[in-house]
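>>> Any chance you could fold what I've pasted below:
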Amino acid sequence: MSTDPTVSIPYGRLMHHAMRKLIQTVLEDVADNGLPGNHHFFVTFATGHPDVEMADWLRGRYEAEMTIVIQHWFDALQVDEDGFSIVLNFGDNPEALRIPFDAIVTFVDPSVEFGLRFESIETEDDGPEPSDDGPDDDAHIPPAPETEKPQGEVVRLDRFRKNT
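Below is the predicted model:
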């Protein structure tokens with residue numbers, strides 16, 4: 001047992017691993033059984049991640065981040081331990097994407113108001129872990145930014161919520 005006060009349990013990194021495993025499990029079920037009911041997903045990912053595979057024209061259009069929607073039309077969804085591949089339709093052009101789980105920035109299912117947002121977690125070599133001074137807000141529906149990003153359209157989730 002370590003008594004070194006500078007060594008701590010990396011809760012942030014462990015939580016991110018568990019949340020990515022949840023996404024993997026959900027996508028595996030969708031790959032096997034299709035989307036149930038009204039479920040659909042908005043997945044935002046970092047296009048600059050070294051293991052993201054996408055068409056050059058898409059990467060040129062979305063240099064930092066891209067949000068895909070998995071809903072009505074998708075094909076060839078395959079999931080493994082590291083990420084998933086999928087074919088989506090972009091203006092009547094089917095395009096294959098490969099997205100590693102650690103490239104995902106947000107994962108949202110607005111049909112049940114569920115969302116995950118991944119804050120940047122630095123590795124031990126890069127710097128210290130985030131502090132635990134405040135509440136953990138990783139596992140909630142991410143708020144829409146105040147301004148639109150030039151790389152793409154910001155979609156406000158409020159318009160997808162059902163009025164009760």
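
>>> What are the boundaries of the helices in the chain?
11-33, 56-61 (DSSP state H).

>>> With respect to Phe74, which of those lies nearest?
helix 11-33 (8.9 Å; C-beta to C-beta). Just so you know, the C-beta spots here come from the backbone N, C-alpha and C atoms, and that holds for glycine as well.

>>> elements contacting the closest one?
On a contact count with 3 or more C-beta pairs under 8 Å, 6 or more residues apart in numbering; DSSP states H and E, helix 11-33 meets strand 74-79, strand 83-89, strand 104-109, strand 114-117.

>>> neighbours of Ser8, just the number please.
11 (other C-beta atoms under 10 Å).

>>> re the thing from before, which of the helices of the chain is buried the deepest?
With neighbours defined as mean count of other C-beta atoms under 10 Å, the helices of the chain peak in mean count at helix 11-33, which reaches a mean of 15.

>>> In PDB, please show the C-alpha coordinates belonging to it.
Output of helix 11-33 as PDB, limited to C-alpha atoms (Å, rounded to 0.1, in the frame of the first residue of the first chain):
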ATOM      1  CA  TYR A  11     -11.000   8.500 -11.000                       C
ATOM      2  CA  GLY A  12     -11.500  10.700 -14.100                       C
ATOM      3  CA  ARG A  13      -9.700   8.300 -16.400                       C
ATOM      4  CA  LEU A  14     -11.500   5.300 -14.800                       C
ATOM      5  CA  MET A  15     -14.900   7.000 -15.300                       C
ATOM      6  CA  HIS A  16     -14.100   7.800 -19.000                       C
ATOM      7  CA  HIS A  17     -13.100   4.200 -19.500                       C
ATOM      8  CA  ALA A  18     -16.500   3.000 -18.000                       C
ATOM      9  CA  MET A  19     -18.500   5.500 -20.100                       C
ATOM     10  CA  ARG A  20     -16.700   4.400 -23.300                       C
ATOM     11  CA  LYS A  21     -17.500   0.800 -22.400                       C
ATOM     12  CA  LEU A  22     -21.200   1.800 -22.000                       C
ATOM     13  CA  ILE A  23     -21.100   3.200 -25.600                       C
ATOM     14  CA  GLN A  24     -19.500   0.100 -26.900                       C
ATOM     15  CA  THR A  25     -22.200  -2.100 -25.300                       C
ATOM     16  CA  VAL A  26     -25.000   0.100 -26.700                       C
ATOM     17  CA  LEU A  27     -23.500   0.100 -30.200                       C
ATOM     18  CA  GLU A  28     -22.900  -3.700 -30.100                       C
ATOM     19  CA  ASP A  29     -26.600  -4.200 -29.300                       C
ATOM     20  CA  VAL A  30     -27.700  -1.800 -32.100                       C
ATOM     21  CA  ALA A  31     -25.300  -3.700 -34.500                       C
ATOM     22  CA  ASP A  32     -26.900  -7.000 -33.500                       C
ATOM     23  CA  ASN A  33     -30.600  -5.900 -33.200                       C
END
